[in-house]
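J.: Here is a sequence with its predicted model. Questions after.
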Amino acid sequence: MKTTFVFVLTCCCLLARAQRTDLSTKLLQLVESEKQASASRVNPAKFTSINDYDVKFHRCEWQVDPAVNYIRGKITTYFKPLTANFDSIKFNLTDLLTVDSIKYHGSLLLFSHSGNIVRAGLPALIPVNMLDSVSVYYQGQPSGGSSGSFVQSTHSATNNTPVIWTFSEPYGASDWWPCKNSLTDKADSIDVIVTSPSAYRTASNGLLASEIISGANRTCYWKHRYPIATYLVCFATTNYVKYVNYVPFQSTNLMEQSFVYPEDSASIASQTPADIPIMQLYDTLFGIYPFIKEKYGHVETGKTMEHQTMSFFGTNSFGFETLAHELAHQWFGNYITCASWRDIWLNEGFATYLSGLAYERMLGGVWWMPFKSSRITEITSKPNGSVWCDDTTSADRIFDSRLSYAKGAMLLHQLRWVIGDSAFFAGIRNYLNDPALAFGFARTSDIKHHFEVSCGQDLTWYFNDWFTGQGFPSYHISWSQSGSAVTLTVHQTQSDPSVPFFELPLPVQLKGPAQDTIVRIDNTSQNQTFSLNIPFTVNSVKLDPDLWIIQAAGSSAHVDENDPFKYISVFPNPVRGKLQIMLSKDFEDLAIKLLDLTGRVVKTTAVKGERNSMIDCEGISPGLYFLQFNSGTYTVARKIVVGN
């Protein structure tokens, strides 16, 4: 297909018209693709950790036929020992595959293969830091089916064209090739050489050095000269159509190379140019594309995955948000990779938030508020769960859309509110420019450090609450006005006991008949009162109108000085579980009833000398109710909405 330059404005307009589906659904579809493709990975408990050598280079030579679920390969690994008395070398490889031989300088080595580990004895000790190499010859039928690490399938409804693709995150690389399957070591570079029947071509990491047809076979030779984590090594083979676009930068043009099924080529070719302005945005915010000397690519397969320099996409996954998400991983996940699956949010939370930044800065900004709203709704759909991944043996937990993706993203967005735009973006750029992390691995402590340096404050409190802590707050604000003096009282409820109180600066909008203002109040304690000077009559008070913070639906109530029940606050409203009732003075005898629209009493409670109470609305049919308070001669009722 002809090489083209793409006009950014045209792409944005087309995408703005096309973007109509619910954003939360899009995230769930993306996560489900990654989760399903990871579900059958080898259990990490089966792994033997390999830490005694440093991988420098892999030369991967594979033979496949997309019509057959089989792989034959020769993997030559260049390495440097890290420990003394290095007399053998180990690789992770499933026992389902057969190792034919292992060679060292042309000589056969004795080896064993059990417990998903290949171990080969060396003829002599290799000194620490001395470069050497071995070649492993192997073959077999990888396991996993359509959700595995090595997938043999078909496409095209008319002729069922065969296709093979790989998908190794998080633990699946050793399901299909002998490697060091870890988050501790990146190969400095790789070659990927795949031979298949000549009707097919192969897409992989890096640059296509050659594509040679010899007899009935085609050999595609890919060179990648950047450090790469094991799980990001990939290839896909079928009858691909290839086309190229370019991303204009100030000093160079980056090649975007796409490999798609022939039957989908026209449709996909009209969609992928949308990530050209996204890449230019990321360049402005975070720095040049990390693999600028090579390329960025799209490959159509059955699943979506951010392989280094060559993202895989399911057939119907080339929408704006998915393009933005997978591209973001080239900075966050590929260039700097999480050093443990416990810190998967450094990959997925960042990529999710960057797709949000694309909505904020592009397409007229119309999808920015829906993006934030859908993430907050998902986070608060359950009361507990931390961004910190507490079970790295479960693909469901690692790729939890609510925690690793949505809450990870909004942890960042909320922190941006806490420390300000300047410090927030400076901290991320410093993280990306840290020579100790560049093309390597990072933990949450690393990004926390760079945020602390950029904003000049200790953020331990924030990460304790929002990274390792579980749940989120709900707020109720009671307010009154006398002249220009406005008084706000903030009450907070926590969804999970792991965090006794969420300290946060809160954005509060005060609105009058003709004007409004947003104030920032530093909420550091329960039932905290704030006195403000507001030079207009306030009609309403709303917490966080621009969706900066993670919270369940908040509420506010105007306190009328003549109302005998001005000391009662009820929240949240609407309610899904427990309805909190807060009293700011003592009542000798207060009866509380929850009534349905017919006046039937659904729930009752009584307050005798206590300041707080609650009514459990779990199991009550959704709808409109009235909460009736009775104390002596006074009776008042308030509307309550019970949600799904």
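T.: Looks like it came in fine. Just so it is clear, the structure is predicted and the values come from calculations on it, not from any experiment. Residues are numbered from 1 along each chain as shown.

J.: What count of nearby residues applies to residue 423?
T.: 19 (other CB atoms under 10 Å). (Glycine included, C-beta is placed from N, CA and C.)

J.: Assumed it was part of a strand.
T.: No: assigned with DSSP: H, G, I helix; E, B strand; the rest coil, residue 423 falls outside any strand and is helix.

J.: Quote the end-to-end distance of stretch 199-219.
T.: End-to-end distance of stretch 199-219 (CA to CA, to the nearest Å): 11 Å.

J.: Stretch 381-394 now?
T.: End to end - CA to CA - stretch 381-394 spans 21 Å.

J.: contacts for it?
T.: 43-45, 170, 340-345, 349, 397-398, 400, 402-404, 407-408, 411, 444, 466-471, 495-496, 498, 577 (CB atoms under 8 Å, 6 or more residues apart in numbering).

J.: so of these, which ones are in helices?
T.: Mapping the contacts of stretch 381-394 onto helices (DSSP state H) picks out 345, 349, 397, 398, 408, 411, 444.

J.: gap between the third one and residue 624?
T.: Relative to residue 624, residue 397 is positioned 38 Å away (CB to CB, to the nearest Å).

J.: Between these two, tell me which one has more neighbours.
T.: residue 397 (17 against 11).

J.: Give me the spatial nearest neighbour of the more buried one, chain neighbours excluded.
T.: Among residues not flanking residue 397 along the chain, residue 391 sits closest, at 4.2 Å (CB to CB, 6 or more residues apart in numbering).

J.: Next, count neighbours for the one you found.
T.: For residue 391, the neighbour count with other CB under 10 Å is 12.

J.: How about the one 10 residues further on?
T.: Counted with other CB under 10 Å, the burial measure for residue 401 works out to 23 neighbours.

J.: center of the chain, which residue is that?
T.: residue 348 (2.1 Å; CA atoms, centre = their mean).

J.: mind checking pLDDT for it?
T.: On pLDDT, residue 348 comes in at 98.

J.: What of residue 229?
T.: What the model reports as pLDDT for residue 229 is 98.

J.: And it, how close does it get to residue 316?
T.: 28 Å.

J.: out of those two, which sits in the busier spot?
T.: Per other CB under 10 Å, whichever of residue 229 and residue 316 has more neighbours is residue 229, with 24 against 12.

J.: where's that one relative to residue 449, distance?
T.: From residue 229 to residue 449 the distance is 22 Å (CB to CB).

J.: ends of stretch 570-590, how far apart?
T.: 14 Å.

J.: now that stretch: how far from the chain's centre is it?
T.: Centroid separation for stretch 570-590 versus its chain: 37 Å, with CA atoms, centre = their mean, to the nearest Å.

J.: Helix, strand, or coil at residue 431?
T.: Using three-state DSSP, the secondary structure recorded for residue 431 is helix.

J.: and it, what does it touch?
T.: 336, 437, 442, 446, 447, 450.

J.: Isn't the third one up against residue 335?
T.: No: the pair residue 442 and residue 335 does not pass the contact test of CB atoms under 8 Å, sitting 10.1 Å apart.

J.: Those two: who's more crowded?
T.: Neighbour totals were compared for residue 442 and residue 335, and residue 442 leads with 24 against 21 (other CB under 10 Å).

J.: what's the neighbour count on the nearest residue to that one once chain neighbours are set aside?
T.: Of all residues not flanking residue 442 in the chain, residue 336 sits nearest, at 5.1 Å (CB to CB, 6+ apart). Using other CB under 10 Å, residue 336 has 23 other residues around it.

J.: Do a quick rundown of the strands in the stretch 1-150 of the chain.
T.: Using DSSP state E, counting those that start in this stretch, the strands of the stretch 1-150 of the chain run over residues 4-5, 53-63, 71-81, 86-92, 98-104, 107-108, 111-114, 117-126, 132-140, 150-155.

J.: Looking at these, spot the one closest to residue 235.
T.: Comparing the strands of the stretch 1-150 of the chain against residue 235 with CB to CB, the closest turns out to be strand 53-63 (7.1 Å).

J.: Between strand 132-140 and that closest one, find me the angle.
T.: Here the directions of strand 53-63 and strand 132-140 differ by 40 degrees (axes from the mean of the first three to the mean of the last three CA atoms, to 10 degrees).

J.: which strands and helices sit next to strand 53-63?
T.: Applying 3 or more CB pairs under 8 Å, 6 or more residues apart in numbering; DSSP states H and E, we find strand 53-63 packed against strand 71-81, strand 189-197.

J.: Just say which of the ones you listed is most tucked in.
T.: Per-stretch averages of neighbours, counted by mean count of other CB atoms under 10 Å, single out strand 189-197 among the helices and strands packed on strand 53-63, with a mean of 21.

J.: and it, which strands flank it?
T.: Strand 189-197 pairs in its sheet with strand 53-63 (parallel), strand 217-224 (antiparallel), by DSSP bridges.
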